[in-house]
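Q: Need coordinates for the below:
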Amino acid sequence: MKYNVATSHPLSTMAGLEALEKGGNAYDAMLAASSALVVVQPQFNGLGGDLFATIKDGRYYCINASGFAPAAADIDFYSGQGYKEIPKHGPLSSFSIPGLVSSWKIAA
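A: Model prediction:
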């Protein structure tokens, strides 16, 4: 069988390869590698993060789980608060809802 796993950390890559070697599919490898990154590189990866993936399952498709801003965080909201631009600091600074864990479900 031919396969490839690439991550930013060797232990995460090994977790993905092990999932494949034990008979898992690409999803199993992605889940193993992604969850291992949370442990081995917590400064870069976490359950409160995002995921981007390209998957081939008879066809190619991509997952962009970069999270969404809250529905109420639009230009009218910030204008109504007296802002001329979205603040970079403070309680109303821009942020997004993490997408990593929900992407695991989407990929399944």
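
Q: Just give me how far the longest helix belonging to the chain sits from the chain centre.
A: If you go by DSSP state H, the chain has its longest helix at helix 26-40. Distance of helix 26-40 from the chain centroid (Cα atoms, centre = their mean, to the nearest Å) equals 11 Å.

Q: Where does pLDDT dip in this protein?
A: For the chain, the stretches flagged by pLDDT under 70 are 1, 107-108.

Q: which residues in it form strands?
A: Taking DSSP state E as the criterion, the chain carries its strands at 51-56, 60-65.

Q: number of nearby residues for residue 30?
A: Neighbour count for residue 30, taken as other Cβ atoms under 10 Å: 23. In this view, the C-beta of every residue, glycine as well, is placed from N, C-alpha and C.

Q: Would you agree it is in contact with residue 53?
A: Yes: judged on Cβ atoms under 8 Å, residue 30 makes contact with residue 53 at a distance of 6.3 Å.

Q: ranges for the helices of this structure?
A: 10-21, 26-40, 75-80, 100-107.
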